[in-house]
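Undergrad: below: sequence and its predicted model.
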2 protein chains.
Amino acid sequence: MMDLASLAIFREVARERSVTRAAELLGRVPSNVSTRIQQIEAEIGVPLFQRDKRPMELTKEGEIYLDYVDRILNLADEAQQTVNPATPAGVLRVGSMESTAAARLPGALAQFSLKWPQVTIDLSTAPTRQLVDALLANRIDCALIAVPEGEWWLAQDELDKVPIFREDLMLLLPPGHPEVQHPGEIKPRALAAFAPGCTYRMLSEEWMMGLGPARSALRIHEVRSYHAMVACTAVGSCFSILPRSVLDLVPEVSRFTTRYLMRADTWLATRPGYKTPAFQVFREMLLDSSDIKGTNNNAAE
Amino acid sequence: MMDLASLAIFREVARERSVTRAAELLGRVPSNVSTRIQQIEAEIGVPLFQRDKRPMELTKEGEIYLDYVDRILNLADEAQQTVNPATPAGVLRVGSMESTAAARLPGALAQFSLKWPQVTIDLSTAPTRQLVDALLANRIDCALIAVPEGEWWLAQDELDKVPIFREDLMLLLPPGHPEVQHPGEIKPRALAAFAPGCTYRMLSEEWMMGLGPARSALRIHEVRSYHAMVACTAVGSCFSILPRSVLDLVPEVSRFTTRYLMRADTWLATRPGYKTPAFQVFREMLLDSSDIKGTNNNAAE
DNA sequence: GACTTAAATTCTGAAAAAGAGAATACACAT
DNA sequence: ATGTGTATTCTCTTTTTCAGAATTTAAGTC
């Protein structure tokens, strides 16, 4: 019958599109990997790869099967971790906003991988909205997201959440720009921001709208990184809004004109009930490096 | 590494609480089953059974692990079926209302198991509400439920649905009871009905309330089967509301007073995207034995 | 279109694991 | 205590997995 090892082999080959590379990564010999794939194909009765293409390509069925295999292997990993909490180990799939990944995670993650070398952290970044989707679709295990205070477009108990970082959202204006009190006084025509789904962008847009009725047509220049965002602002063509913790990383911030806007805390969210030891130590680690130390974070216990 | 066969063995032993019986059911020898269990325990590092109890009992970790194993094996089965639609096979977990199971399924299922002996049908019954929960929690694969026309407490696209049976909801009054036009004219004090979550019960209550304002305190006698419901009504202490198809099964119905109330169609629902060949032939079979033949049932194709 | 190259597959013998069946240990009953 | 039905251990046989060499195959190069 089917072996989880075979499924892991299939997953690796599918990812690498190569028997040889997969074999190296798995510490096996190519002939072995090749046969295991063929065994799976024989068992399910469907070819998984197109052998007549040289960078090996998955067949349509292969794609579907890979999706199932991913879910099965994640479940198996989670089962192992949940049932034997003695040793945090395995994979923890972390999703994070760009800002948190830039300003908060590097230190914490370095520390974490030293203390828990058995845990592999799989980090990906995306805007808050997409992170929530990924979480609910089981593509990641936990996410660092910005929850706008008060209103919240996700049902109350659809996710477990703990506040982790207190962030001040700052207005960043080009160097030499005069201080402003109202959105209307901002000179650059466009806001540099991330793709839709980003909570900060949403908050920024609200602030612009709410206070400056004249500024009804807010232009948005979409960027893919904070470096790009700051660069655009430095040049004077845009202004931007970003957390103070990221601002602190910008060399020579003092040349820019900045202004405090609002609070926007970062939360650590999971699917309800997800509680592997790897995740628990990860959460502890984040709370330790946090400025909101030990507030209401025992609700989930 | 872990073998799906091992997981299936563990599941069987956990179900049967016996190595010997599990071995028989799986066509294996007990020593083999015993060792596979021990291999799993060695791999996950946690004992799954309490060996000092004689009907073997799962440990706490065993319970948790069993839950994961169930999900993993169901996924694997679904993967196999989805990816190779050639041969409908494997397990199809069907949930049904009591009424449908009584009046509609026996014939259809008998026919089905003759035509598709490779498919094992796992039938359970529950009220509509609970069936929907079970479906979303992945405890069953499809469900035969009553969707009240118009209003519907489930989000539009949370489930895929097809109408299967046209049901007439009938009022059943004790033998000799005079014909009624309004709820107020009903003599028995109590309605015999299933547990809350039953759509028919909900519709019944609405009908009673909507038309008879005097009858504000409707007493409900909860029953667990239609036989009990009919028996209570025969005795004269209750009245009841049930689909005509079930009524047709009652011996000597003609002695009772009956009256048509409303339509309440039965739908076949699945999680969105669930489409194994076993399910597809099951759906075809139901549609064939249905009175709503081939209406709007190609939306899901 | 032949040649090169890198990669997948097939073939083979050695090593490891799983299986059956008999013997043993164990929990619960009387 | 002693018997009975189960689970486990032990031993041997069969099956499967694995590594390494040989072979085939797909794509790029002259």
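TA: Perfect, I can see it now. Since the model is a prediction, treat every value here as computed from it, not as a measurement.

Undergrad: tell me where chain A has helices.
TA: A:4-16, A:19-26, A:30-44, A:60-83, A:98-103, A:105-115, A:128-136, A:199-211, A:226-235, A:244-247, A:277-288 (DSSP state H).

Undergrad: so which bits of the shortest one are buried?
TA: Spelled out, that is helix A:244-247. Across helix A:244-247, burial judged by 16 or more other CB atoms under 10 Å in any protein chain shown covers A:244-247. No exception for glycine: its C-beta is placed from N, CA and C like everyone else's.

Undergrad: can you give the distance from that helix to the centre of its chain?
TA: 18 Å (CA atoms, centre = their mean, to the nearest Å).

Undergrad: thinking again about what came up before, quick one, which of the helices of chain A is nearest to DNA strand D?
TA: helix A:30-44 (3.2 Å; CB to the nearest atom of the strand).

Undergrad: got the contact list for that closest one?
TA: Residues outside helix A:30-44 that contact it (CB atoms under 8 Å, 6 or more residues apart in numbering or on different chains): A:1-2, A:5-7, A:9-10, A:13, A:19-20, A:22-23, A:26, A:47-49, A:65, B:79-80, B:83-84.

Undergrad: kindly export it (C-alpha atoms) in CSV.
TA: Provided in CSV are the C-alpha atoms of helix A:30-44 (Å, rounded to 0.1, in the frame of the first residue of the first chain):
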residue,chain,number,x,y,z
PRO,A,30,17.8,8.7,-8.3
SER,A,31,16.9,5.1,-9.4
ASN,A,32,15.1,4.8,-6.1
VAL,A,33,13.2,8.0,-6.5
SER,A,34,12.3,7.0,-10.0
THR,A,35,10.8,3.7,-9.0
ARG,A,36,8.9,5.1,-6.1
ILE,A,37,7.2,7.5,-8.5
GLN,A,38,6.4,4.7,-10.8
GLN,A,39,5.0,2.7,-7.9
ILE,A,40,2.6,5.5,-7.0
GLU,A,41,1.5,5.8,-10.7
ALA,A,42,0.9,2.1,-10.8
GLU,A,43,-1.1,2.1,-7.6
ILE,A,44,-3.4,5.0,-8.5
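
Undergrad: what is the orientation angle of that helix with helix A:19-26?
TA: 100 degrees (axes from the mean of the first three to the mean of the last three CA atoms, to 10 degrees).

Undergrad: is any part of helix A:30-44 close to DNA strand D?
TA: Yes. Helix A:30-44 reaches DNA strand D (CB under 7 Å from any atom of the strand) through A:31-32, A:35-36, A:39.

Undergrad: now that helix: buried residues?
TA: Buried residues in helix A:30-44, counted by 16+ other CB under 10 Å: A:33-34, A:36-37, A:40-41, A:44.

Undergrad: make JSON lines out of the residues you listed and add distance to DNA strand C.
TA: As requested, the buried residues of helix A:30-44 are exported to JSON lines (distance: CB to the nearest atom of the strand, whole Å):
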{"residue": "A:33", "distance to DNA strand C": "7"}
{"residue": "A:34", "distance to DNA strand C": "3"}
{"residue": "A:36", "distance to DNA strand C": "9"}
{"residue": "A:37", "distance to DNA strand C": "6"}
{"residue": "A:40", "distance to DNA strand C": "11"}
{"residue": "A:41", "distance to DNA strand C": "9"}
{"residue": "A:44", "distance to DNA strand C": "15"}
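
Undergrad: grab the nearest non-local neighbour of residue A:139.
TA: Excluding the flanking residues, the one nearest residue A:139 by CB to CB, 6 or more residues apart in numbering or on different chains is residue A:93, at 7.3 Å.

Undergrad: count of residues packed around the one you found?
TA: Using other CB atoms under 10 Å in any protein chain shown, residue A:93 has 20 other residues around it.

Undergrad: what's opposite it in the beta bridge?
TA: residue A:122 (DSSP bridges).

Undergrad: okay, it and residue A:268: tell me how far apart.
TA: Residue A:93 sits 13 Å away from residue A:268, going by CB to CB, to the nearest Å.

Undergrad: equivalent analysis for residue A:176, please.
TA: Applying CB to CB, the value for residue A:176 to residue A:268 is 39 Å.

Undergrad: which of those two has more neighbours?
TA: residue A:268 (24 against 9).

Undergrad: quick check, pLDDT for that one.
TA: What the model reports as pLDDT for residue A:268 is 94.

Undergrad: with residue A:188 instead?
TA: Looking at residue A:188, the pLDDT reads 80.

Undergrad: which non-adjacent residue is nearest it?
TA: residue A:239 (4.6 Å).

Undergrad: hang on, the earlier thing: got JSON lines for the buried residues of helix A:244-247, with pLDDT too?
TA: Formatted as JSON lines, the buried residues of helix A:244-247 follow (pLDDT from 0 to 100):
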{"residue": "A:244", "pLDDT": "90"}
{"residue": "A:245", "pLDDT": "87"}
{"residue": "A:246", "pLDDT": "84"}
{"residue": "A:247", "pLDDT": "85"}
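
Undergrad: can you tell me which of those residues is closest to DNA strand C?
TA: residue A:246 (40.3 Å).

Undergrad: may I ask you to confirm that the closest one is in contact with residue A:99?
TA: Yes. Applying CB atoms under 8 Å as the test, residue A:246 and residue A:99 come out as touching, 5.0 Å apart.

Undergrad: identify the contacts common to these two.
TA: With CB under 8 Å, 6+ apart, residue A:246 and residue A:99 have common neighbours residue A:226.

Undergrad: show the contacting residues for the residue lying closest to residue A:103 once chain neighbours are set aside.
TA: Spatial nearest neighbour of residue A:103, excluding adjacent residues (CB to CB, 6+ apart): residue A:245 at 3.8 Å. By CB under 8 Å, 6+ apart, residue A:245 lies in contact with A:99, A:103-104, A:165, A:167.

Undergrad: quick one on the thing from earlier: quick one: buried ones out of the contacts of helix A:30-44?
TA: A:2, A:6-7, A:9-10, A:13, A:19, A:22-23, A:26, A:48-49, A:65, B:79-80, B:83-84.

Undergrad: how close does the residue nearest the centre of chain A get to residue A:139?
TA: Central residue of chain A (CA atoms, centre = their mean): residue A:95, 2.4 Å from the mean position. From residue A:95 across to residue A:139, the span is 8 Å (CB to CB).

Undergrad: equivalent analysis for residue A:19, please.
TA: 26 Å.

Undergrad: list phi and psi for the closest residue to residue A:78 other than its chain neighbours.
TA: In space, residue A:78 comes closest to residue A:276 once its chain neighbours are excluded; the distance is 6.1 Å by CB to CB, 6+ apart. The phi and psi torsions at residue A:276 (degrees, to the nearest 10) take the values phi -80, psi 160.

Undergrad: give the contact list for residue A:276.
TA: A:78, A:81-82, A:85, A:88, A:90, A:92, A:141.

Undergrad: ok, now residue A:172?
TA: Contacts of residue A:172 by CB under 8 Å, 6+ apart are A:230, A:233, A:239-242, A:247, A:256-258.

Undergrad: flag every buried residue along stretch A:10-18.
TA: For stretch A:10-18, by 16+ other CB under 10 Å, it's A:10-14, A:16, A:18.

Undergrad: which among the residues you listed gets closest to chain B?
TA: Nearest to chain B among the buried residues of stretch A:10-18 is residue A:10, at 11.2 Å by CB to the nearest CB.

Undergrad: hmm, the closest one is touching residue A:68, no?
TA: No. With contact defined as CB under 8 Å, residue A:10 does not reach residue A:68; the gap is 10.6 Å.

Undergrad: and chain A, which residues reach DNA strand C?
TA: So far as CB under 7 Å from any atom of the strand goes, chain A lies against DNA strand C at A:18-21, A:30-31, A:34-35, A:37-38, A:49, A:51, A:54, A:56.

Undergrad: could you rerun that using 6 Å?
TA: Proximity of chain A to DNA strand C, by CB under 6 Å from any atom of the strand, involves residues A:18-20, A:30-31, A:34-35, A:37-38, A:51, A:56.
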